[in-house]
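> I would like to see how this sequence folds:
(chains A and B)
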Amino acid sequence: MKAPVFTYHAPRSVQEVIDLLTTHEDARVLGGGQSLMAMLNLRVAGPEHLIDLGRVPELVGIEERSDIILVKAMTTQRNVEHSELVRRHVPLLGHAIDHVGHQQTRNRGTVGGSICHLDPGAELPVAAAALDAVLVAQGPQGRRRIDFADFPADYLTNAMEADEILVEIEFPKVLPRSGSAFMEFNLRPADFAIVSVAVQLSLAGDSDSIERLAIAIGGISYAPIRLTGVEAALAGRPLDIESLRTAVTVLSDIDFDGDDLYPPEYRRDICGVLIERALKAATERAGASQ
Amino acid sequence: MTDLRDIRLVVNGRAVERTVETRMHLGDFLRKELKLTGTHLGCEHGVCGACTVLVDGMSARSCLMLAVQADGREIQTIEGVGTTPEELHPIQAALSRHHGLQCGFCTPGVVMTMIEMQRESAGRSLEEAEIRHLLSGNLCRCTGYQGIVDAALELFGPKGSTVNPPTKISHG
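Here you go, the predicted structure:
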């Protein structure tokens, strides 16, 4: 239960981080450490070089731009939890954070770290998928923007190059008359989700019709899945029993991962229930908002 | 090859300087280097919460942080709660009154979490659900959680909200 030997680096700027990643082949960056430190202690990770991002001030902060909220990669989950900007403009991110870990881990765990690590049970990637978040990676060639949909590459693996790091995440601000909800199932609150659902929607004009809808589900595969079929089927009409039934029917076409404790069909059933609840809650919130 | 670093930090109000192996986590540093064995190591992969300490006033799992990351920071451990058996910290006294501990292994972490709870609630009354949410990162294998929750409710909850009355325990 002790980490293997590594060479520790504590760079002070993103450029220094990239220089280190370019020079050292077997290197990993340490974010808030709430997953990687456990992996080091358990020796499922053992890089030769550990590059600590905790002393890079330019990687921390939440900023408002015209139509996005910019969350720097090393911003702690705790800071997002308490951010007025996030609660007002990207409430879904706040709803998701309410399910993330414990106060002790949110105090150190980072938004960028969770999104890069891509644990299938983690909440933030699911929220990022529903929000069409854009990830800004920086490497020796400069910066590039990656749509969240293109970010997961495999289990616990993202699409960035070995000499790139995530520097910030762009979350689009919600439209007027929007509502969102994050629901999950697990055995103990604050655990990783067995299944999770994120819904972001907005209602048209002054009617009850859903104008735009995004549904992402997690715990199903290596990456969150967007239910584009349901999104298309439900757009342009009010939420009613029939549309909820449509939403749940689509799930039979999706392959669910499973294990002995939580087989695919069990996860699918739970997922259907969560989607229904999340759609109802999001629609109610949208109706109540201005 | 061993990778060493010099670190300077403040632990329980005392300045400390040491040379540490960079792979050593903060929990081991506190216990082995500083002999502050009140911080208990349970799972060492961030699940149990027994090793909870305060880093610059905020609760953190000391097994999920390297000692070298504590360089320049202020750490508070259960030893820094600074009491004697005759004169317990109000949080410790409440845990005792409500039978909020049995074997005591999780207690240092629980106390540190409750110290943060006390500071952040700043006199605002906490509902039981919020207290349970805040305590969810500390696992206890003996008592069940009611005693711990009762202690927190007595201190931070609405008046008269404890489920079980406190028991009188002699510290004689």
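> going forward, measure contacts between C-alpha atoms and count neighbours the same way
Noted.
> Return the set of buried residues in the lengthiest helix in chain B.
Secondary structure of chain B per DSSP state H: the longest helix is helix B:107-121. Residues B:107, B:108, B:109, B:110, B:111, B:112, B:113, B:114, B:115, B:116, B:117, B:118 are the ones in helix B:107-121 that count as buried (16 or more other Cα atoms under 10 Å in any protein chain shown).
> What of stretch A:50-58?
A:50, A:51, A:52, A:53, A:54, A:56.
> quick revisit: list the helices and strands the longest helix of chain B packs on?
Here helix B:107-121 touches strand B:52-55, strand B:58-61, helix B:90-97, helix B:128-135, helix B:146-156, going by 3 or more Cα pairs under 8 Å, 6 or more residues apart in numbering or on different chains; DSSP states H and E.
> Pull the residues that contact that helix.
A:104, B:38-40, B:49-54, B:57-59, B:77-78, B:91-92, B:101, B:134-135, B:138, B:152, B:156 (Cα atoms under 8 Å, 6 or more residues apart in numbering or on different chains).
> From the residues you listed, keep the buried residues only.
Buried, going by 16+ other Cα under 10 Å: A:104, B:38-40, B:49-54, B:58-59, B:77-78, B:91-92, B:101, B:134-135, B:138, B:152, B:156, out of these.
> Check the spacing between the residue nearest to residue A:156 when sequence neighbours are not counted and chain B real quick.
Using Cα to Cα, 6 or more residues apart in numbering or on different chains and skipping the chain neighbours, the partner closest in space to residue A:156 is residue A:118 (5.0 Å). Distance of residue A:118 to chain B, given as Cα to the nearest Cα, to the nearest Å: 18 Å.
> Does residue A:118 touch residue A:151 like I think?
No. Using Cα atoms under 8 Å, residue A:118 makes no contact with residue A:151, being 9.5 Å away.
> shared neighbours, the two?
Common neighbours of residue A:118 and residue A:151 (Cα under 8 Å, 6+ apart) are residue A:158.
> More neighbours: those two, which one.
For residue A:118 versus residue A:151, neighbours defined as other Cα atoms under 10 Å in any protein chain shown are more numerous around residue A:118 (24 against 20).
> Who are the contact partners of that one?
A:125, A:152, A:155, A:156, A:157, A:158, A:222, A:223.
> number of nearby residues for the fifth one?
Think residue A:157. Neighbours of residue A:157 (other Cα under 10 Å): 15.
> tell me which parts of the stretch 101-250 of chain A are close to chain B?
A:101, A:102, A:103, A:104, A:105, A:107, A:108, A:189, A:190 (Cα under 8 Å from any Cα of the partner chain).
> if we go to 10 Å?
Proximity of the stretch 101-250 of chain A to chain B, by Cα under 10 Å from any Cα of the partner chain, involves residues A:101-109, A:188-191.
> how about the buried residues of helix B:107-121 in a markdown table, adding distance to residue A:275 and pLDDT?
Shown next, in a markdown table, are the buried residues of helix B:107-121 (distance: Cα to Cα, whole Å; pLDDT from 0 to 100):
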| residue | distance to residue A:275 | pLDDT |
| --- | --- | --- |
| B:107 | 39 | 97 |
| B:108 | 40 | 97 |
| B:109 | 37 | 98 |
| B:110 | 36 | 98 |
| B:111 | 38 | 98 |
| B:112 | 38 | 98 |
| B:113 | 34 | 98 |
| B:114 | 36 | 98 |
| B:115 | 38 | 97 |
| B:116 | 35 | 97 |
| B:117 | 34 | 97 |
| B:118 | 37 | 96 |
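> starting at the chain centroid, how far to stretch A:116-125?
6 Å (Cα atoms, centre = their mean, to the nearest Å).
> do the same with stretch A:225-236
Worked out by Cα atoms, centre = their mean, stretch A:225-236 lies 19 Å from the chain centre.
> same check, this time on stretch B:144-155
15 Å.
> tell me which strands and helices the helix or strand hosting residue A:273 is in contact with?
Assigned by DSSP states H and E, residue A:273 falls within helix A:264-288. With contacts defined as 3 or more Cα pairs under 10 Å, 6 or more residues apart in numbering or on different chains; DSSP states H and E, helix A:264-288 has these neighbours: strand A:178-185, strand A:195-203, strand A:210-218, helix A:241-249.
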